[in-house]
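**Student:** What follows is a predicted structure for the sequence shown.
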Amino acid sequence: MHRFTKFTLALVAAAGLSACGNTFGEQALIGAGAGTAASAVVGGNLAAGAIIGSAANVVYCKEFSSKC
């Protein structure tokens, strides 16, 4: 599978898995799961994916709370 295809699949997986959650902890955990899954698909660092996914979901939920 081409690297671009893997990256695209990872983005789709992250978008599909992302959800806000009701608390800060839930937001961080859901984001970490999505980031880890996306990182696994592209063969990246799982810990980095978890950290980035966690932070991204928390920020998204805080900025766009009406969309959750």
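**Tutor:** Great, that's in hand.
**Student:** On the pLDDT front, check Val58 for me.
**Tutor:** Here, the pLDDT recorded for Val58 equals 90.
**Student:** scratch that, Phe4
**Tutor:** Phe4 is assigned a pLDDT of 68 by the prediction.
**Student:** what does whatever helix or strand Ile52 lives in rub up against?
**Tutor:** Element membership of Ile52, judged by DSSP states H and E, is helix 46-63. By Cβ atoms under 8 Å, 6 or more residues apart in numbering, the residues outside helix 46-63 that reach it are 14, 18, 20-21, 24, 27-40, 68. Where you see a C-beta, it was placed from the backbone N, CA and C, and this is true even at glycine.
**Student:** Among those, the buried ones, what's the ChimeraX command?
**Tutor:** A single ChimeraX command is used to select the members of those judged buried by 16 or more other Cβ atoms under 10 Å:
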select :14,18,20,21,27,28,29,30,31,32,33,34,35,36,37,38,39
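**Student:** mind checking how far Lys67 is from Cys20?
**Tutor:** 8 Å (Cβ to Cβ, to the nearest Å).
**Student:** Run through this structure and note the low-pLDDT ranges.
**Tutor:** Residue ranges of the chain with pLDDT under 70: 1-4, 9-19, 68.
**Student:** Fine, thanks again, bye for now.
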